[in-house]
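Trainee: Would you be able to build a 3D model of this:
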Amino acid sequence: MSPHLVSMKNNFSFLLLLLSSFVLSQEKYAKEFKIITENDLYVSTKRDRYYTNGIFLNYRFVTKNKSEKIAKMIVEWEIGHEMYTPNKSTVTNINQHDRPFAGYLYGSYGISRIYKKQRIFNTSFQLGVLGSKAYGEEIQDFIHSIYGFKDVTGWKYQITNAIGLNFTSSYAHFLGKSKTDLSDITWINSGRIGTIYTDVSSGFLLRFGFLPLTSMVNSISFGSHLNNSNSDFVREVESYFFIKPMFRYAFYDATLQGSLFNNSSQVTKELVPFVFDLAIGIHFTARRVNFGYTFNYNTSKSEGLRYTYGNKYGSIALSYLIH
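Mentor: Got it, this is the predicted structure:
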């Protein structure tokens, strides 16, 4: 093929890519279905301990906004399940349970307020159940049967049943960006109070774009990318790497300490109040789909753990947008 034809082909490919990106960026999607699955298998096929599995299904949509200060408001409904085990899910001797078995099943309702001055304030309320009624044992048995792992034992010593009532709030404050729009930093804060978790966290989100980064008020980074027909924003093409270090102080964790209202759990542990969390990952868009993978690390959350160098797990997020 002649150099001239090669040049024409390359230019044509570039134009197609540019056109597809432009078409994508002109779309507005007001609703989203999302699934997040978390498991220590996503970082190691040999790891199966502590926070071992989570699955979250949510539906989000843009709602009416009556404030001139707010660019958009987004409502979210979610069903979630979290699962915790000792250093091995096959530990039968109660004296070797270095943290309790625990399952937490909940439903939640939340509102995200995205301010025009690049601030975001989120609130949500959870109602759920901790203990055998959360079906942690059954779910882990199902997962192990898929992968051909050993049968799970020890769930009879799990944290006993308790009602979950939790309120969560978070605040994100944009700090600045590079001249090229390929990197930026945001201050992140959150707090939880209730019968399952009570803690406060603070840290930073650093983004490094493969493309120029999208504004905080319209990005998958902050769940602010949904837009209705009245919005000033449109769907943007995003592709970036991120690092999110957070420092957390925990006051209470029922999955470790048992219920506030009874002391019938056979295995409980004391908190390590100060915890460092680190998330490193990648997010990108593809037409109506958003995809993300995150490597998560946290230092020890409780006293007496067999493995004291922290815990690691992976998160996979996939969402689909509709008008």
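Trainee: Spit out the contact partners of the closest residue in space to residue 159 that isn't next to it in sequence.
Mentor: Distances taken as Cβ to Cβ, 6 or more residues apart in numbering place residue 102 nearest to residue 159, at 4.4 Å, with adjacent residues excluded. (Glycine included, C-beta is placed from N, CA and C.) Contact analysis of residue 102 by Cβ atoms under 8 Å, 6 or more residues apart in numbering lists 83, 84, 130, 131, 136, 158, 159, 254, 255, 256.
Trainee: Is the third one bridged to anything, and to what?
Mentor: Going by DSSP bridges, residue 130 is paired in beta bridges with residue 104, residue 162.
Trainee: pretty sure it is touching residue 257, no?
Mentor: No - applying Cβ atoms under 8 Å, one finds residue 130 not in contact with residue 257, separated by 11.0 Å.
Trainee: okay, these two: which has more neighbours?
Mentor: Using other Cβ atoms under 10 Å, the more surrounded residue of residue 130 and residue 257 is residue 130, with 27 against 18.
Trainee: I'd say residue 205 and residue 183 touch.
Mentor: No - taking contacts as Cβ under 8 Å, residue 205 lies outside contact range of residue 183: 11.3 Å.
Trainee: Which one's more surrounded, these two?
Mentor: Neighbours per residue (other Cβ under 10 Å) separate residue 205 from residue 183, with residue 205 holding more: 21 against 16.
Trainee: That one sits in which helix or strand?
Mentor: Element membership for residue 205, per DSSP states H and E: strand 197-209.
Trainee: residues in contact with that strand?
Mentor: By Cβ under 8 Å, 6+ apart, the residues outside strand 197-209 that reach it are 166, 172, 175, 181-192, 213, 221, 238-254, 277.
Trainee: Out of the residues you listed, list just those in helices.
Mentor: Assigned to helices by DSSP state H, the following of these qualify: residue 254.
Trainee: Ignoring the adjacent residues along the chain, who's closest to residue 254?
Mentor: Distance criterion Cβ to Cβ, 6+ apart; nearest residue to residue 254, sequence neighbours excluded, is residue 196 at 4.7 Å.
Trainee: ok, the one you found to residue 240 distance?
Mentor: Taking Cβ to Cβ, to the nearest Å as the measure, residue 196 falls 32 Å from residue 240.
Trainee: of those two, who's got more company?
Mentor: residue 196 (25 against 22).
Trainee: need the contact list for the more buried one.
Mentor: Residues in contact with residue 196, defined by Cβ under 8 Å, 6+ apart, are 104, 106, 126, 128, 130, 162, 164, 165, 166, 253, 254, 255.
Trainee: ok, now with 10 Å
Mentor: Going by Cβ atoms under 10 Å, 6 or more residues apart in numbering, residue 196 touches 82, 102, 104, 106, 126, 128-130, 162-166, 252-255, 259-260.
Trainee: got it, and residue 313?
Mentor: Residue 313 neighbours (Cβ under 10 Å, 6+ apart): 38-44, 47, 49-54, 294-298.
Trainee: Mind listing the residues bridging to it?
Mentor: residue 296.
Trainee: quick one: pLDDT of it?
Mentor: pLDDT recorded at residue 313 is 97.
Trainee: still on that earlier bit, got phi/psi on the residue nearest to residue 159?
Mentor: Per-residue torsions, residue 102: phi -160, psi 140 (degrees, to the nearest 10).
Trainee: Quick check: the gap between it and residue 52.
Mentor: To residue 52, residue 102 is 10 Å away according to Cβ to Cβ.
Trainee: joint contacts of these two?
Mentor: Common contacts of residue 102 and residue 52, defined by Cβ under 10 Å, 6+ apart, comprise 82, 83, 84, 85, 136.
Trainee: Tell me which of those fall in strands.
Mentor: Among these, the ones falling in strands (DSSP state E) are 82, 83, 84, 85.
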